[in-house]
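[1] turn this into a model:
(one chain, ligands or ions: 1)
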Amino acid sequence: MELPYSEACERNREPILAVLLDAFAGCREVLEIGSGTGQHAVYFGRQLPHLRWQTSDLLANLPALAARLAAEGAGRFPPPLALDVHDDPWSTSRVDGIFSANTLHIIARPAVEAFFRGTGQLLVPGGTLVVYGPFRYRGSYTSASNQTFDEWLHQRDPESGIRDFEWVNELASVRGLRLIEDRQMPANNQALVWRRDATAAGISR
Ligand SMILES: C[S@@+](CC[C@H](N)C(=O)[O-])C[C@H]1O[C@@H](n2cnc3c(N)ncnc32)[C@H](O)[C@@H]1O
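    Residues are numbered from 1 along each chain as shown. This next block holds a predicted model:
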């Protein structure tokens, strides 16, 4: 099977790793949402060997993802999980880390809400969520190229689009997630890091 390949993953993996080295330093089990080609998983799994890295994606994407892990995963990865963010609940055990790259502008707004609902259910108190991708701030794009990208996204799928940081952070906050870092990344992307309040156990639904 020819493995799907993302050039962007090769470009952004090192800057993202720099964030994850800190953010996931104290974690043991990370669930990745929307693993796509599996290139990030293979790289981060190798660079962060203290983690059990659980990949996931929509069922239709699992054969290619599994093939990547089999070819390049060095036996390090559990089988990928079929996970649609709309699933309620997400059918996997609780984790202390969740990672997702380039998903929130692809999925529709109700799916973004479901993403944070699921995260709130699955992330243990004290756990860490890292989201990578483009965002808008106070209604403005961080670059002209992001605006062009957003217009392209809308034409392709009117439900998709670059999300407002303030809206996403409010969804996180409702689930007991406190923003601890917003790092500017190359190519006008952000890495957002939230920590789940240690007292958040009762407000996950
Ligand atoms: C732009 S790709 C990003 C893939 C990878 N994380 C990366 O950075 O290259 C978006 C991913 O989100 C996944 N996705 C789309 N809708 C989803 C949903 N409802 N639940 C979970 N994943 C979804 C897609 O299958 C795809 O793998």
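[2] pull out the buried positions in the lengthiest helix in the chain.
    Counting residues, the longest helix found in the chain (DSSP state H) is helix 7-23. Along helix 7-23, these residues count as buried under the neighbour rule (16 or more other Cβ atoms under 10 Å): 9, 12-13, 15-16, 19-20, 23. In short, each C-beta sits where N, CA and C put it, glycine included.
[3] now do it, average pLDDT.
    Mean pLDDT, taken over the full extent of helix 7-23, equals 97.
[4] for that helix, name the packing helices and strands.
    Other elements packing on helix 7-23 under the criterion 3 or more Cβ pairs under 8 Å, 6 or more residues apart in numbering; DSSP states H and E are helix 39-47, strand 95-101, strand 123-133, strand 177-185, strand 189-196.
[5] what's the most buried one of these?
    For the helices and strands packed on helix 7-23, the stretch with the most neighbours on average is strand 95-101, a mean of 24; neighbours defined as mean count of other Cβ atoms under 10 Å.
[6] in its sheet, what does it sit against?
    For strand 95-101, the pairing partners within the sheet under DSSP bridges are strand 29-32 (parallel), strand 123-133 (parallel).
[7] make JSON lines out of those strands and add distance to residue 141.
    Rendered in JSON lines, the data for the strands paired with strand 95-101 read as follows (distance: least, Cβ to Cβ, whole Å):
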{"stretch": "strand 29-32", "distance to residue 141": "27"}
{"stretch": "strand 123-133", "distance to residue 141": "13"}
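[8] so which bits of the chain are right by the ligand?
    Neighbours of the ligand within the chain, by Cβ under 6 Å from any ligand atom: 6, 9, 33-36, 40, 57-58, 61, 83-86, 101-103, 106-107, 111.
[9] where does this structure dip in pLDDT?
    Where the chain drops to pLDDT under 70, the residues are 200-205.
[10] who touches the residue of the chain most remote from its centre in this structure?
    Seen from the C-alpha centroid of the chain, the residue lying at the greatest distance (Cα atoms, centre = their mean) is residue 1, 25.7 Å away. Shown here is residue 1, whose contacts under the criterion Cβ atoms under 8 Å, 6 or more residues apart in numbering are 63-64, 67.
[11] if you set the cut-off to 7 Å instead, what comes out?
    64, 67 (Cβ atoms under 7 Å, 6 or more residues apart in numbering).
[12] next: residue 31.
    Residues 54, 56, 92, 95, 98, 122 are the ones in contact with residue 31 under the rule Cβ under 7 Å, 6+ apart.
[13] count of neighbours near residue 49?
    By the other Cβ atoms under 10 Å criterion, the neighbourhood of residue 49 contains 9 residues.
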